[in-house]
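A.B. asks: I would like the atomic coordinates for the input below:
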Amino acid sequence: MESNLMPSGVGRRSFIAGSTAAAAFGLVGAALSSASAATAFVYPTDSRQVSDNFAAHNARNSPNPGTDYVLPAGRATRAVAAGTVVMTDHSTSGSGGRMIYIDHDDGAKSDYLHLSRIDVSVGQRVASGQQIGLTGASANGSETGVGAHLHISLHLGAGAAHGTRGGSVDFEKYVGSGVSAAPAPREDEEMGRLVRHPNGSVAFAATDGTFTILNTMDEVAALQATGAVTGDMIQLSDPFIWNLRVGIAQKRKGQNLV
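C.D. replies: Here you go, the predicted structure:
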């Protein structure tokens, strides 16, 4: 049985291929297009100097990976796109210091950490590039808990969640161009639906016939972050289709087809 196939940060094409029985789920048909809503993200500061990139945050398993732009405290921090402020934290007690969370109009979410001042309030609408606060070094109960910089996190796709790894993407790869909150998969990836077994297990059934069992919610979130997942999860009331699909995958594997 296919398992342990989707570590965080790995594209869907790294999954072991299954068979063409995905038609049993009604998933084979016209090609699926990516979401049409798009956001053009702008830089949140005047600095373009990255002191700690997204890959480095991921490597040390940061709970909210992002990009750090180094610059002195007191510089303007701007919304990366139009949206609504959904959280402001004026406390310096946490590891992120003063923080702002913004929900953007197409579902994307952005987080701004280590601020020295917050200029917006919850529920406020902000424009792209509007000043929302000032950079700082707040963290760990101090105004100087870290070196002065702005940490920006961008979350896209169905698994996007503020302050977490959910839907986290590298902001540097999206800034300056229109992208979708449900990013289109790379050329080497297929799209499809998540399927839930009656016992709670989850698998990914792709339009190319691949069927992959996911073992943890982290694997589900990582797959959703690639933009390959479309629509709501299919809840099976009977395990027959699931078992049939797994049986076919095992047969293919025995024939060295995967």
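A.B. asks: drop to CA atoms for contacts and neighbour counts, all remaining ones
C.D. replies: Will do.
A.B. asks: In the chain, which residue is most central in space?
C.D. replies: Gly167 (1.3 Å; CA atoms, centre = their mean).
A.B. asks: How confident was the prediction at that one?
C.D. replies: Looking at Gly167, its pLDDT stands at 91.
A.B. asks: which residues sit in contact with Ser237?
C.D. replies: Ser237 makes contact with 197-198 under the criterion CA atoms under 8 Å, 6 or more residues apart in numbering.
A.B. asks: Isn't Ile152 up against Ser110?
C.D. replies: Yes - the pair Ile152 and Ser110 passes the contact test of CA atoms under 8 Å, sitting 6.9 Å apart.
A.B. asks: Could you verify my assumption that the residue nearest to the centre of the chain touches Ala160?
C.D. replies: Yes - between Gly167 and Ala160 there is a contact at 4.2 Å, judged by CA under 8 Å.
A.B. asks: any idea how far the residue nearest to the centre of the chain lies from Ser110?
C.D. replies: With distances taken as CA to CA, to the nearest Å, Gly167 is found 11 Å from Ser110.
A.B. asks: intersection of neighbour lists for the two?
C.D. replies: Residues touching both Gly167 and Ser110 (CA under 8 Å, 6+ apart): 154-155.
A.B. asks: What is the neighbour count of Gly231?
C.D. replies: Residues lying near Gly231 (other CA atoms under 10 Å) number 9.
A.B. asks: what's the spacing between it and Val195?
C.D. replies: For Gly231, the distance to Val195 - CA to CA - is 11 Å.
A.B. asks: ditto for Gln124
C.D. replies: In this view, Gln124 and Val195 are 38 Å apart by CA to CA.
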